[in-house]
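Visitor: Generate coordinates for the sequence data below:
(one chain, ligands or ions: 1)
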Amino acid sequence: MYQTELFESPSIVGDRAVVNVASVPQRSPFRYAGGKTWLIPCIREWLNARGGKGKELIEPFAGGGIVSLTAACENLVDRITMVEKDEGVAAVWQVILNGEAEWLADEIVSFQLTPESARAAIARADESLECRAFATIIKNRVNRGGILADGASFIKNGENGKGITSRWYPETLKRRILDIAQVRHKIKFIEGDAFEVCAQNAERKDVVYFIDPPYVKAGGRLYRYSAIDHEALFVLASRLQGNFLMTYDNDDEVQELANRHGFDIDLIAMKNTHHAKKTELLIGQDLGWLKIRSPC
Ligand SMILES: C[S@@+](CC[C@H](N)C(=O)[O-])C[C@H]1O[C@@H](n2cnc3c(N)ncnc32)[C@H](O)[C@@H]1O
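Guide: Modelled structure (predicted):
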């Protein structure tokens, strides 16, 4: 069975009926703050309507990459480009997608996780790309909320007082990593800047973009790279010839930007494993495909 994790198993609630996101396979090796597993039913609907044959999906703020992985595994598009700026997250994707998935999976299952071994693995991050990837996986599992931003601290008590091992599922991670390796021929990864890659592809009509930037409000606490020019992102989105779907925290300034550029906006409510409700924005050139007004 797939594990359920904070950030990864909310339900979509509100005016719309609750969507059974338990049916969404957890394919990412990360537990990612702001991860979009909960949105996958909508993503499938969007890609079926606006993606499909002949299209490339670009995910410029890839993070845990659940949208790209789902698109690859479920054949929702022809090919995929993931872009991520965080060096640690990028190292994990590079190692998995460049042919070292088995090595990483073996390192994970043979690792004896203790606070000391975790600290030692994290301290070796700068020794090589492989060390950085491994250190990132460890941090993501032992840090509170999976947060990778500098200064994030270890889980203290964790589930059932299990401390830092409470999110350590080596066999699950191994399986996810090896499953991703099976579809790696469809995925290109770029360690780089979302803006640059979108601008380079702006004229292409055979591309669709899933754009999930750091939150306007909480981003700084969650990611190493969280400061982006939101206004510039909207200007860039308005130049894209391909279709895009953007998600944002429900913020007045963001709504104003979307209105100014003539984009469609819809609200989607979600509830995390702690039953805290929150509302996010979906933004696109046209959201006519969005049937989850009566849900996905
Ligand atoms: C909201 S998270 C994406 C979460 C992802 N959709 C998921 O489901 O896991 C935003 C990501 O953008 C990355 N990021 C921030 N600035 C960036 C930039 N200029 N270019 C590329 N990635 C960037 C952050 O490191 C973070 O991983």
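
Visitor: measure residue 49 to residue 82 for me?
Guide: Per CB to CB, to the nearest Å, residue 49 is found 22 Å from residue 82. Yep, even glycine has a C-beta here, placed from its N, CA and C like the rest.

Visitor: which ones are touching residue 86?
Guide: Counting by CB atoms under 8 Å, 6 or more residues apart in numbering, residue 86 touches 148, 223-225.

Visitor: before we move on, back to that, which of residue 49 and residue 82 has more neighbours?
Guide: residue 82 (27 against 15; other CB atoms under 10 Å).

Visitor: ok, back up a step: quick one: which of the contacts of residue 86 has the most company?
Guide: residue 223 (24 neighbours).

Visitor: List the buried residues in the strand or helix carrying residue 246.
Guide: Here residue 246, judged by DSSP states H and E, is contained in strand 243-249. Residues of strand 243-249 classed as buried by neighbour count (16 or more other CB atoms under 10 Å): 243-249.

Visitor: pretty sure residue 150 contacts residue 225?
Guide: No. Counting by CB atoms under 8 Å, residue 150 does not reach residue 225; the two are 10.5 Å apart.

Visitor: Residue 43 versus residue 234, what's the distance?
Guide: From residue 234 to residue 43 the distance is 21 Å (CB to CB).

Visitor: These two: which has the busier surroundings?
Guide: Using other CB under 10 Å as the criterion, residue 234 and residue 43 rank with residue 43 on top: 24 against 18.

Visitor: so which helix or strand takes in residue 82?
Guide: Going by DSSP H and E, residue 82 is in strand 77-84.

Visitor: Could you do residue 119 as well?
Guide: helix 115-123.

Visitor: What are the boundaries of the strands in the stretch 101-250 of the chain?
Guide: Remark: strands assigned in the stretch 101-250 of the chain by DSSP state E, counting those that start in this stretch are 187-191, 207-211, 243-249.

Visitor: quick one: the residue lying closest to residue 191 once chain neighbours are set aside from the ligand, how far?
Guide: In space, not counting the residues next to it along the chain, residue 191 is nearest to residue 90; the distance is 3.8 Å by CB to CB, 6 or more residues apart in numbering. According to CB to the nearest ligand atom, to the nearest Å, residue 90 and the ligand sit 9 Å apart.

Visitor: Could I get the contacting residues of residue 90?
Guide: 84, 189, 191.

Visitor: Tell me the bridge partners for the first one.
Guide: In this structure, residue 84 has the following beta-bridge partners (DSSP bridges): residue 191.

Visitor: how near is it to the ligand?
Guide: For residue 84, the distance to the ligand - CB to the nearest ligand atom - is 5 Å.

Visitor: Could you tell me which residues make contact with that residue?
Guide: If you count contacts by CB under 8 Å, 6+ apart, then residue 84 has 61-63, 65, 90, 93, 189-191 around it.

Visitor: Any of those buried? List them.
Guide: The neighbour count (16+ other CB under 10 Å) marks 61-63, 65, 90, 93, 189-190 as buried among the contacts of residue 84.

Visitor: tell me the contacts of residue 91?
Guide: 129-130, 132-133, 136.

Visitor: same thing but at 10 Å, please
Guide: 84, 104, 125, 128-137, 191 (CB atoms under 10 Å, 6 or more residues apart in numbering).

Visitor: Tell me the secondary structure of residue 99, please.
Guide: The three-state label given to residue 99 by DSSP: H, G, I helix; E, B strand; the rest coil is helix.

Visitor: Surely it touches residue 130?
Guide: No. The criterion here is CB atoms under 10 Å, and residue 99 misses it with residue 130 at 11.7 Å.

Visitor: Identify the contacts common to these two.
Guide: Contacts common to residue 99 and residue 130, judged by CB under 10 Å, 6+ apart, are absent.

Visitor: higher neighbour count, those two?
Guide: More neighbours surround residue 130 than the other of residue 99 and residue 130, with 16 against 11 (other CB under 10 Å).

Visitor: Please pull out the lowest mean pLDDT helix or strand from the protein.
Guide: strand 11-13 (a mean of 47; mean pLDDT, DSSP states H and E).

Visitor: what's the helix or strand following that strand packed up against?
Guide: On the C-terminal side of strand 11-13, the closest following helix or strand by DSSP H and E is helix 40-50. Secondary-structure packing of helix 40-50 (3 or more CB pairs under 10 Å, 6 or more residues apart in numbering; DSSP states H and E): strand 52-59, helix 66-73, strand 207-211, strand 243-249, strand 277-284.
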